[in-house]
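Q: Starting from these lines, generate the structure:
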Amino acid sequence: MSDLPIQRHRAILDHLERVETARTVELAALLAVTRETIRNDIAYLAGRGVLRQVYGGAVRLGLQEPDLQARLATNIEGKTRIAKLAASLVPDGSRVALDCGSTTLALAKELRARVGLKVWTNDIAIAQELGNGAEVVLLGGRLALAQNITTGPDATEMMAGYNVDQAFISLGGLSAAQGLTDFDREGFSLRNTMRSAASECFFLADHGKFGRPAPLRWKSPQTASALICDRAPGAEEQAMLNHIGLRLLLA
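A: Next up is the predicted model:
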């Protein structure tokens with residue numbers, strides 16, 4: 001591979017057109033250059049607005065989670081079914097970690113009937129939804145006003161200090177090729193910590209997540225108790241779930 005930057009840049013963009021996401025180490029091996037060279041190339045291309053730089057690599061433009069308002073208005077019926085099934089798994093008096101998002105907000109609405117809950121969340125709307133009946137711990141961190149959440153290492157560190165009975169975590173995407181995936185590094189770190197803190201962990205994904213790629217991959221997702229969906233994914237996705245040993249619950 002030529003060391004000419006313009007040729008490397010073209011090769012990186014061509015590779016992202018095929019695979020949609022790529023890690024720095026993968027690109028360095030592909031182009032036979034150092035990781036530092038690839039990091040500089042990615043930073044340059046991100047500055048030109050032709051790809052998105054993420055922790056550890058790069059993502060083709062367009063691979064990003066829809067904004068909160070769009071998610072709140074999408075597949076309300078399916079998310080409500082997921083929420084009702086998820087709520088049935090939560091007894092009175094439970095300690096529950098709720099990830100941020102439109103499906104977990106629907107779950108919070110279903111949990112208002114529970115008695116004696118203690119809830120940990122970084123989602124301000126969820127905290128407000130449950131604050132009148134449950135004991136709510138709003139995880140501290142940097143305020144991300146556009147998403148109405150707190151985020152960053154402070155929120156993750158705070159969650160790491162607790163043990164909970166159940167954690168409910170929204171997936172960014174689910175595909176046969178990539179498995180279970182997520183978009184945001186800081187949010188991903190917090191969700192992973194919620195999973196580690198919980199005796200039982202449930203992933204939540206409505207059918208809009210099926211086949212949708214995202215740059216971050218969940219490792220060892222079979223440590224979760226189940227994946228709750230509003231409809232069955234395709235045969236290839238179901239084969240992937242069977243391969244990793246993750247139980248599927250249909251709402």
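Q: Surely residue 133 touches residue 117?
A: Yes. Using CB atoms under 8 Å, residue 133 is in contact with residue 117, at 7.4 Å. C-beta here means a position set from N, CA and C on the backbone, and glycine is covered the same way.
Q: Comparing those two, which shows the higher neighbour count?
A: Taking neighbours as other CB atoms under 10 Å, residue 133 and residue 117 compare with residue 117 leading, 21 against 15.
Q: Let me know whether the more buried one touches residue 97 as I believe.
A: No. Counting by CB under 8 Å, residue 97 is not a contact partner of residue 117; they are 11.4 Å apart.
Q: can you pull the contacts of residue 117?
A: Contact partners of residue 117, counting by CB atoms under 8 Å, 6 or more residues apart in numbering, are 90, 92-96, 111, 130, 133-135.
Q: And it, how far from residue 108?
A: As judged by CB to CB, to the nearest Å, residue 117 and residue 108 stand 10 Å apart.
Q: ditto for residue 216
A: Distance, residue 216 to residue 108, by CB to CB: 24 Å.
Q: Check residue 135 too.
A: For residue 135, the distance to residue 108 equals 14 Å [CB to CB].
Q: out of the two, which sits in the more crowded spot?
A: In this view residue 135 and residue 108 are compared by other CB under 10 Å, and residue 108 has more residues nearby, 25 against 12.
Q: domain ranges for the protein?
A: 5-59, 68-250 (automatic domain parsing).
Q: just the helices in this structure please.
A: Ranges of helices in the chain, per DSSP state H, are 5-19, 24-31, 35-47, 68-72, 76-87, 102-110, 124-130, 153-159, 185-197, 235-244.
Q: In the last one, which residues are buried?
A: Spelled out, that is helix 235-244. Within helix 235-244, the residues scored as buried using 16 or more other CB atoms under 10 Å are 237, 240-241.
Q: And the fifth one, by the same measure?
A: Of all the residues in helix 76-87, those buried under the rule 16+ other CB under 10 Å are 78-83, 85-87.
Q: And for that helix, what's in contact with it?
A: Residues contacting helix 76-87 (CB under 8 Å, 6+ apart): 102-103, 106-107, 109-111, 114, 168, 202, 204, 206-208, 228-231, 249, 251.
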